[in-house]
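In: The following comprises the amino acid sequence and a computationally predicted model.
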Amino acid sequence: MKSTSATSAQETPLLEIAVVGHTNTGKTSLIRTLLRSTRFGQVEDAAGTTRHVERATLFAGDESVLNLHDTPGIEDVYALQDRLHLIATRNKRSTPSELLEKFVASTPLNDPLEQEAKVIRQVLRSDVLLYVIDVREPVLEKYLIEIEILGKAMKPMIPIFNFTAAHRAELDLWRKKLAAFNIYASLELDTVAFAFEAEKRLYQKIQSLLEVHYNRLQRLIDHRAGVWNQLCKSAARRIAGLIVTAACYRVDAGEMQSETDTSPAATKLQNFIRQTEQRCLTDLLKMFNFTDKDIELQNIPVQNGYWQLDLFAPGVLKAYGLDIGSAALKGAAAGAGIDLMVGGLSLGAASILGAIAGTGWSTYKRYGREIQAKLRGTQWLCADDSTLQLLYLRQHELLDKLMNRGHAACHTEQVGGQPERDRLPEDWQQIIDVLRQNPAWGSLSGEHLNDAQYGGIEKRLVDALLKIPPH
């Protein structure tokens, strides 16, 4: 037996939405943003890129909710206005929507207004119109005529303001002009600077206009909110995993040559950190459905899936405002020699034997490898504080950009200013100290995932990355 909601969802036809507007305002870009995909349609900085009506479907899990129809841009609104006026003089008793239907029926293929007929045909078939406006454009007469013609279809219309990030004055002017048409239910949804809350408000506005689709749209809102929150959390956990792996990794230092050590141990450490960060970068791009061709970030440029700026290149630490004066960073090592820690205490051989006797098998099981190495006089090389800070800051910056980048963005993202050290978690040093005390957490076995202390460390890192205030 089918549930009532499932039955009603089948009985109610899918919501049909026409994305309309002048040429090159960002109609295809809007659909790409809603689909979270760069693969729909064609986006170019040129007029008339879309030549045919294309359809995409949005789902809430397995349930199809609505169809988005990408329409060609209206290119010659004055000729369209004249044609409709001519039809009106011959059909004086026709309603405005009937005039549009007659225009569609009387416009043959290869007619100069063939593109406009495609748009009007889809408008008449749709339940609601999303009118995309590039606020960078002045409010010209042709746009107002366009809005007036689309209004003849007697369909709910929601203006979508695009490219709003740095054009607030222009946006205010557009709002005033639309008010003259009694259009107030507009929305800012920048297809380049993405914000999930703006997408959510879009569905809520449609809910207020079309009550029959309210429940289905609510399921879409709830589903997409859950997916988005889980995506951001998964990405933050991936970065936390990078920090854990990097902080826990250590190499037998052997004979340290100097403060600017370039020994095999230092090279091994560097390569491990580079490769670990690279895997994290690749995973993050895949999670957000981007590739290195879609995102080029100033200060953290990506090419062919790799950072162009090497983590250990001269000047990188300085660019991030980090300490470049520590002995371990004067050369290529970018590592720190550490005394092995048991329970947070630096121990000599006698103290180690006492610790084993005092705490028993549990301590030895956890730190046995370090204890044995300490008794043999082994020294370890691990990533130093500045290297770990740089790893965190770079990934934090990338995460911010991925979370706020629309899938229609084609430009080079400009990162404003240098990342600040105060973006580190407040208890950063404590986190790193605990990680260094638990080198086994860096293993691939996954046993540590059920460790309560590890869970607390991961949560603190994730909350800091997602800017969730501590409870």
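Out: Alright, I've got the coordinates.

In: could you measure residue 19 against residue 283, distance?
Out: Between residue 19 and residue 283 the distance is 32 Å, computed by Cβ to Cβ, to the nearest Å. Yep, even glycine has a C-beta here, placed from its N, CA and C like the rest.

In: now do residue 110
Out: 50 Å.

In: Looking at those two, which one has more neighbours?
Out: residue 283 (15 against 6; other Cβ atoms under 10 Å).

In: Apart from its chain neighbours, what residue comes closest to that one?
Out: Leaving aside its chain neighbours, residue 283 sits nearest to residue 238 (5.4 Å; criterion: Cβ to Cβ, 6 or more residues apart in numbering).

In: Check which helix or strand the one you found maps to.
Out: helix 214-248 (DSSP states H and E).

In: buried ones in that helix?
Out: 216-217, 219-221, 223-224, 228, 231-232, 235-236, 238-248 (16 or more other Cβ atoms under 10 Å).

In: again, but for stretch 206-213
Out: 206, 207, 210, 213.

In: next one: stretch 265-285
Out: 265, 266, 269, 270, 272, 273, 276, 277, 280, 281, 284, 285.

In: Also stretch 160-178?
Out: Buried, per 16+ other Cβ under 10 Å, within stretch 160-178: 160, 161, 162, 163, 164, 167, 170, 171, 174, 178.

In: What is the most widely separated pair among those residues?
Out: Farthest-apart pair in the buried residues of stretch 160-178 is 163 and 178; separation 16.4 Å (Cβ to Cβ).

In: Break the chain into its domains for me.
Out: In terms of domains, the chain is parsed into 14-209, 242-340+378-465 (source: automatic domain parsing).

In: Would you single out the least confident of these?
Out: Mean pLDDT is lowest for domain 242-340+378-465 among these, at a mean of 74.

In: Nearest to residue 97 among the buried residues of stretch 206-213?
Out: residue 210 (17.4 Å).

In: do you know how far that closest one is from residue 101?
Out: Distance of residue 210 to residue 101, computed by Cβ to Cβ: 22 Å.

In: how about residue 201, what does it touch?
Out: residue 187 (Cβ atoms under 8 Å, 6 or more residues apart in numbering).

In: Which strand or helix spans it?
Out: helix 196-209.

In: got it, and residue 24?
Out: Residue-wise, residue 24 maps onto no helix or strand under DSSP H and E.

In: Relative to residue 133, how far out is it?
Out: From residue 24 to residue 133 the distance is 12 Å (Cβ to Cβ).

In: Out of those two, name the residue with the larger neighbour count.
Out: Legend: neighbour count by other Cβ under 10 Å for residue 24 and residue 133, higher for residue 133 (25 against 20).

In: Report the separation between the residue lying closest to residue 284 once chain neighbours are set aside and residue 287.
Out: Using Cβ to Cβ, 6+ apart and skipping the chain neighbours, the partner closest in space to residue 284 is residue 235 (5.7 Å). Separation of residue 235 from residue 287 (Cβ to Cβ): 5 Å.

In: what is in contact with those two at once?
Out: Shared contacts of residue 235 and residue 287 (Cβ under 8 Å, 6+ apart): residue 402.

In: surely residue 385 meets residue 432?
Out: Yes: look at residue 385 against residue 432 with Cβ atoms under 8 Å: they come within range, at 6.7 Å.
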